[in-house]
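**Student:** I'll drop the sequence and a predicted model, then ask my questions.
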Amino acid sequence: MPRGSQRAVEAASIPGAAPAQYSGAVTDWHPFLQHQGPIAFAHRGGASVYPENSERAFRHAVDLGFSHIETDVQATLDGVGVIMHDDRLDRTTDSTGDVADLTWAEVSRARISGTEPILRVSELLEAFPGTFVNFDPKRDEAVEPLARAILEADALDRVLIGAFSDRRIDHARALLGDGLAVGAGSRRVMALVLRANRIPVPFERVDAAQVPVRMGRIEIVTQRFVRYAHEAGIHVHVWGVNDPAEMHRLLDLGVDGLMTDELEILRSVFAQRGAWDG
């Protein structure tokens, strides 16, 4: 269950209940979500300036004042969690091959964009001890190495795990316990959409719905969706938002966070709205 208002959760579960009051910065939220105003996320560190998911990209984001970064996790053949979006090395590095078929010693020789070393999860958490990290395990096999690195770094209060796969999220929660903040996988997102439209389907609680504006022909982020999520005590974070007009539109809807590759643009939009505290 998310750590928002218990009254909000109860009201959202009762047909015809009055809309619950909601605050995006109440003290009973998980520490990851205890933020004054909307959260600015550096998606893969902000790929518009430095190579995605590299330490240089993350350092640039933190130096700009971003308190939250978003990234991806794969697992090597020998069970090391590494910061990498794709299953294969081919697109982003000077090497080839599936990460799951390679040992960490082999993966560590690859360079992102030919210059930047690939980080282990443990290295990222160590390098940025004051930063909140949003992790997306891209395969089932990545969940256990990710959980192990989080526990070893004593970082449970500053991470959130989200994924398309609800199964991965459930696995992470089973390993790390109720102190873990989690996002909604695809199945739970669609359940939220249906419930927001008064279709009473089952729903297991999460801390955040981290979603695109639309999935195929289905518009996800509507006023109704945001309102229902808030009544249920769930944050709404929207990813893939790089256009300033769209940033303003979504913030006007009341979303709780935006994930972008265009860090300077998002910072400027937040500053214009008096929401930048970096």
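**Tutor:** Ah, there it is. Residues are numbered from 1 along each chain as shown.
**Student:** Which residue ranges of the chain form strands?
**Tutor:** For the chain, the strands defined by DSSP state E cover 39-43, 68-75, 81-83, 111-112, 116-117, 132-137, 159-161, 181-182, 208-211, 214-215, 218-219, 235-238, 257-260.
**Student:** In terms of secondary structure, what does the fifth one contact?
**Tutor:** Judged by 3 or more Cβ pairs under 8 Å, 6 or more residues apart in numbering; DSSP states H and E, strand 116-117 is in contact with helix 55-64. From N, CA and C alone the C-beta is placed, and that goes for glycine too.
**Student:** so which of the strands of the chain comes closest to Pro202?
**Tutor:** strand 208-211 (15.9 Å; Cβ to Cβ).
**Student:** what mean pLDDT does the closest one have?
**Tutor:** Average pLDDT, strand 208-211: 98.
**Student:** For the remainder of this discussion, apply numbering that starts at 41.
**Tutor:** All right, first residue 41 from here; so that's strand 248-251.
**Student:** by contact count, what packs against that strand?
**Tutor:** On a contact count with 3+ Cβ pairs under 8 Å, 6+ apart, strand 248-251 meets helix 226-236, strand 275-278.
**Student:** which of the ones you listed sits most buried?
**Tutor:** strand 275-278 (a mean of 26; mean count of other Cβ atoms under 10 Å).
**Student:** Show me what that one is in contact with.
**Tutor:** The contact list for strand 275-278 (Cβ atoms under 8 Å, 6 or more residues apart in numbering) reads 42, 64, 73, 79, 81, 223, 247-253, 261, 265-266, 269-270, 290, 294-299.
**Student:** so which of the helices and strands packed on strand 248-251 comes closest to Arg160?
**Tutor:** That would be strand 275-278 among the helices and strands packed on strand 248-251, by Cβ to Cβ, at 25.2 Å.
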